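Q: need a structure here:
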Amino acid sequence: MRRFLPLARSLALRYQHSHEPLDDLLQVASLGLLKAIDRFDCEREIAFSSYAVPTILGEIKRHFRDRTWAVRVPRGLQELTLNVERAVSELTEQLRRQPTVAEITAQLGADEERVLEALQARHAHRAVSFDVPRADDDERGGTLADALGVLDDGYARAEDRATTQRAMVTLTARERDVLKMRFEQDMTQAEIGTVIGVSQMQISRIIRQAIARLHATTTPAARAEMTPTVPDPSSRPDVRPALAVSSDLPLSDCCTRSGRGPPPRQDSPRCCQEAEHGSQEERDRVDRAASYSADRH
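A: Numbers count the residues shown, from 1 in each chain. Predicted coordinates for the structure are as follows:
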């Protein structure tokens, strides 16, 4: 075993420029040497090194195939990826530039779609840590993880808080105090009963009823009813017909207000003012009627 360890080391050094640590390659080569010793047939008249070299190389290649991929891909695609990498290296050296997909396909004699899959699979060979510093953000110390987007739930939580505040108005003062002591101060039902002066069973009933009322209040239909609505000014009832019907003034003055009579006389400024704006009492009555109509809708 010790006699052929330098042979295993020399074979592992062939792959020292790969991404794998050299210590791992030495261990894999040593494992291949052990397998060669176990499988070697002394009755065959061949040198041990002639059998050990392909066995150790095969073990190293198997390690690259099965242990060095960050994402598991089919074996056929793995082999094609290795062939593509070899073809890219050779064509780059010959052409003095990066080869195209058509040139790689012609070099390997493979299907162009499969070559494209192999080129994409190369990125799955080794993963990159999120803690690696960003190339364009080294001065500020940023990492790749800082560039990842996250789902911001702040808007949803703000909406939930607003809905809860509107729903809490439907509860009594004692129910609000009980819920606050139970869920904010983390008090037990027995402790709350001692503070309020009731039994633990009553506290449980209060919490259950309050939560049920909150659930009923926060349904989509209840939310729509709780949302304040602004009345449309165009739906406000006309003032002048109401004044013409309900006013106790003479008919000629009422017709003047409604726009159906002769124009007001210049010597009656009070009548003209009321004809344009109506009396204060009538305006208040119409405003109350409009507010009531808006509340009903």
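Q: can you give me the helices for the stretch 1-150 of the chain?
A: Using DSSP state H, counting those that start in this stretch, the helices found in the stretch 1-150 of the chain span residues 5-13, 22-39, 48-67, 75-95, 101-108, 112-121.
Q: the ones you listed into CSV, with extra columns for mean neighbour count?
A: C-beta here means a position set from N, CA and C on the backbone, and glycine is covered the same way. Converted to CSV, the helices of the stretch 1-150 of the chain look like this (neighbours: other C-beta atoms under 10 Å):
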stretch, mean neighbour count
helix 5-13, 17
helix 22-39, 17
helix 48-67, 16
helix 75-95, 15
helix 101-108, 16
helix 112-121, 16
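Q: go through the ones you listed and name the closest to Ile192.
A: helix 48-67 (60.2 Å; C-beta to C-beta).
Q: now for that closest one, which elements pack on it?
A: Judged by 3 or more C-beta pairs under 8 Å, 6 or more residues apart in numbering; DSSP states H and E, the packing partners of helix 48-67 are helix 5-13, helix 22-39, helix 75-95.
Q: would CSV of the helices of the stretch 1-150 of the chain with mean pLDDT be doable?
A: Output for the helices of the stretch 1-150 of the chain, formatted as CSV (pLDDT from 0 to 100):
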stretch, mean pLDDT
helix 5-13, 90
helix 22-39, 90
helix 48-67, 87
helix 75-95, 87
helix 101-108, 90
helix 112-121, 88
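Q: distance to His63 for the helices and strands packed on helix 48-67 - can I get that in CSV?
A: Formatted as CSV, the helices and strands packed on helix 48-67 follow (distance: least, C-beta to C-beta, whole Å):
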stretch, distance to His63
helix 5-13, 10
helix 22-39, 5
helix 75-95, 13
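Q: closest one to Val195 among those?
A: Closest among the helices and strands packed on helix 48-67, using C-beta to C-beta: helix 22-39, at 65.8 Å.
Q: that older thread, relative to Met187, which of the helices and strands packed on helix 48-67 is closest?
A: So among those, helix 22-39 is nearest, using C-beta to C-beta, at 58.1 Å.
Q: other SSEs contacting the closest one?
A: Short answer (3+ C-beta pairs under 8 Å, 6+ apart): helix 22-39 packs on helix 5-13, helix 48-67.
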